[in-house]
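A.B. asks: The following comprises the amino acid sequence and a computationally predicted model.
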Amino acid sequence: MPYVASVLNDAAGPFVAVSDWMRAVPDQIRKWVPGDYTVLGADGFGFSDTRPAARRFFNIDAESIVVAALAGLAREGKLPVSVAQKAAEKYKITDPTVV
């Protein structure tokens, strides 16, 4: 059994992986992660600004991670989708100018 599968075997999801680099790296373990698995990463390059601005731009900041986790819980039926939607609106995660 792969290490990731054995470590997460008894864990309750959803699972969210976040990288300041490419999503492809944490996505490589997808087939061994049980349940809902969301990968967030900064696949773009050439973006030059402050680190907080870059994290917001690529939706890898704390607020985006919260919304991803809530969305995963909603996909698993553990809370209403409206909770994730309200959090996305509250934190304005689609607005890259909010830092």
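C.D. replies: Great, that's in hand.

A.B. asks: shaky segments in the chain?
C.D. replies: Scanning the chain for pLDDT under 70 picks out 44-48.

A.B. asks: now do 50
C.D. replies: Scanning the chain for pLDDT under 50 picks out no residues.

A.B. asks: Would you map the helices across it?
C.D. replies: Taking DSSP state H, the helices of the chain run over residues 3-8, 24-27, 51-57, 62-75, 81-91.

A.B. asks: most tightly surrounded among those?
C.D. replies: A comparison of the helices of the chain by mean neighbour count, using mean count of other CB atoms under 10 Å, puts helix 62-75 on top with a mean of 19. No exception for glycine: its C-beta is placed from N, CA and C like everyone else's.

A.B. asks: residues in contact with the residue lying closest to A69 once chain neighbours are set aside?
C.D. replies: Nearest residue to A69, sequence neighbours excluded (CB to CB, 6 or more residues apart in numbering): V16, at 5.3 Å. Contact partners of V16, counting by CB atoms under 8 Å, 6 or more residues apart in numbering, are 37-40, 65, 68-69, 72.
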